[in-house]
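1. No sequence on hand, only this structure:
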């Protein structure tokens with residue numbers, strides 16, 4: 001299969017402003033994430049307005065965290081040469097690890113302002129986080145970016161817009177790692193919904209879903225990285241930067257899960 005779709009969905013006449021599929025998917029991601037969070041807040045007895053109060057902190061935390069993560073984790077050398085590049089977000093560059101840190105900051109701020117427990121908010125945002133992680137990778141696929149390594153598997157995809165320096169007949173087949181990670185994100189979402197149901201929904205121990213999200217998503221991210229092309233400078237170790245950055249969240253998730261289980265046992269004893 002060859003994927004050669006123009007990433008620009010349409011251009012606004014006279015203004016010459018382009019709208020990419022990635023931007024549309026990002027907007028859809030934002031709307032669906034808000035609906036999932038509102039569902040969770042209402043299920044706990046809260047209101048839609050309470051859910052809306054998380055919109056701007058969450059959006060700013062995700063965007064700023066994802067951008068700073070991309071700059072400092074993957075392209076710090078480029079940033080030192082051109083510091084203003086930090087603000088040119090339209091040129092691309094968002095990192096999921098930075099987004100996770102930004103979201104944690106937003107949750108802490110919202111918890112302080114609303115007096116709702118930190119872990120309660122975090123649990124309720126995990127569904128949105130898993131769906132968002134999946135949809136962003138779908139956007140990467142439409143952009144023909146963050147591609148996989150060259151391979152001969154039957155489900156490989158050629159990306160002429162990524163390998164644009166090569167003649168069309170020499171474009172190599174690659175793992176569609178973006179789609180693999182998209183499916184992984186959907187599986188994490190399904191797993192979280194199942195865990196929520198088995199743990200009694202509103203009776204579940206607080207922090208259970210957050211810990212599960214860190215373990216499941218970043219383990220999946222760690223594994224998918226074996227299929228991905230390295231996409232940053234100085235990324236020549238046996239493990240990629242994405243894998244190294246995934247280890248700490250996995251350890252954090254395991255530690256949080258152990259703490260949640262111990263607390264639940266004490267309360268039930």
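-> That came through fine. Everything numeric here is computed off the predicted structure, so don't read it as measured data. Residues are numbered from 1 along each chain as shown.
2. Which stretches in the protein count as helices?
-> Remark: helices assigned in the chain by DSSP state H are 21-43, 48-52, 55-69, 76-81, 96-114, 118-142, 177-198, 208-224, 241-268.
3. so where's the stretch 51-200 of the chain shaky on pLDDT?
-> Across the stretch 51-200 of the chain, the ranges flagged by pLDDT under 70 are 85, 88-94.
4. Between the helices of the chain, which one is closest to residue 155.
-> Relative to residue 155, the nearest member of the helices of the chain by C-beta to C-beta is helix 177-198, separated by 8.8 Å. C-betas here are computed from N, CA, C, even on glycine.
5. what's the nearest residue to residue 237 if we skip its chain neighbours?
-> Closest residue to residue 237 apart from its sequence neighbours, by C-beta to C-beta, 6 or more residues apart in numbering: residue 244 at 7.4 Å.
6. Report pLDDT for the one you found.
-> At residue 244, the model reports a pLDDT of 89.
7. Export the helices of the chain to a markdown table and append columns for distance to residue 231 and mean neighbour count.
-> Formatted as a markdown table, the helices of the chain follow (distance: least, C-beta to C-beta, whole Å; neighbours: other C-beta atoms under 10 Å):
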| stretch | distance to residue 231 | mean neighbour count |
| --- | --- | --- |
| helix 21-43 | 16 | 17 |
| helix 48-52 | 35 | 14 |
| helix 55-69 | 14 | 19 |
| helix 76-81 | 12 | 12 |
| helix 96-114 | 13 | 19 |
| helix 118-142 | 10 | 23 |
| helix 177-198 | 10 | 19 |
| helix 208-224 | 13 | 23 |
| helix 241-268 | 9 | 15 |
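8. mind checking which of those is nearest residue 154?
-> Closest approach to residue 154 among the helices of the chain is made by helix 177-198 (14.0 Å; C-beta to C-beta).
9. What is that closest one packed up against?
-> Counting by 3 or more C-beta pairs under 8 Å, 6 or more residues apart in numbering; DSSP states H and E, the packing neighbours recorded for helix 177-198 are helix 118-142, helix 208-224.
10. quick one: which of these is nearest residue 51?
-> Comparing those by C-beta to C-beta, helix 118-142 comes nearest, at 8.8 Å.
11. and the angle from that closest one to helix 55-69?
-> Counting by axes from the mean of the first three to the mean of the last three C-alpha atoms, to 10 degrees, helix 118-142 lies at 60 degrees to helix 55-69.
12. Can you name every helix or strand that helix 118-142 contacts?
-> Here helix 118-142 touches helix 21-43, helix 96-114, helix 177-198, helix 208-224, going by 3+ C-beta pairs under 8 Å, 6+ apart.
13. Reformat those as TSV; add distance to residue 52.
-> Rendered in TSV, the data for the helices and strands packed on helix 118-142 read as follows (distance: least, C-beta to C-beta, whole Å):
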stretch	distance to residue 52
helix 21-43	8
helix 96-114	11
helix 177-198	22
helix 208-224	21
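14. returning to what we had before: mind putting the helices and strands packed on helix 177-198 into CSV with distance to residue 67?
-> What follows is these, written out as CSV (distance: least, C-beta to C-beta, whole Å):
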stretch, distance to residue 67
helix 118-142, 13
helix 208-224, 18
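15. of the ones you listed, which approaches residue 21 most closely?
-> Nearest of the helices and strands packed on helix 177-198 to residue 21, taken as C-beta to C-beta: helix 118-142 at 3.9 Å.
16. Alright, I will stop here.
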